[in-house]
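1. Could you work out the structure for the sequence below:
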Amino acid sequence: MRTNAGYTITDSVHVGDVEFVLGEQENGKQFVTWECKAGNDYCWGHYFDSLAAAKRDLLIRAHEALGGKEPARKPYFFCMTVCARRTGAAIGRRCGVVMADGPEPAEELAWERFGGNSACKLWVDEVPEDGYDYNVYKSEII
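-> Numbers count the residues shown, from 1 in each chain. Take a look at the predicted model:
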């Protein structure tokens, strides 16, 4: 696992010779995206208090490196309740970010990629410019 400046690199996107990475501090309360060249030359850090905001920035930076001015698709945060097949009882959650053209395509994409037979309730919302606070909506998906 790669680290830089006290952050563990948890995600990356390659665009040509450039890599954009997302790092998370050990306490999980501070996040960063960097441009990375040659596998260990990190620069132009963007720092965040929200994982969703950092993921959004990672995707936007990669898209801009491909020549786009703004994302063709928008990031949507999703959370789904995972249920036991036999009883339907909630046993956990899956959350993440998908890129989509709107809420309905985001919902379909989240179900298709992460839902399967075990998901029983899905919630999707566009990630705002200032990031996303999962705790605000946690009660809606439990």
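2. Which residue ranges make up the domains of this protein?
-> Under automatic domain parsing, the residue ranges defining each domain of the chain are 3-65, 74-141.
3. where among those is the average confidence lowest?
-> Among those, domain 74-141 has the lowest mean pLDDT, at a mean of 73.
4. now it, how far from the chain's geometric center?
-> 12 Å (C-alpha atoms, centre = their mean, to the nearest Å).
5. cool, and stretch 30-49?
-> Centroid separation between stretch 30-49 and its chain, computed with C-alpha atoms, centre = their mean, is 16 Å.
6. now swap in stretch 5-22 and tell me
-> Average the C-alpha atoms of stretch 5-22, do the same for its chain, and the two points are 13 Å apart (C-alpha atoms, centre = their mean).
7. Show me what counts as buried in it.
-> Of all the residues in stretch 5-22, those buried under the rule 16 or more other C-beta atoms under 10 Å are 7, 9-10, 12-13, 19-22. C-beta here means a position set from N, CA and C on the backbone, and glycine is covered the same way.
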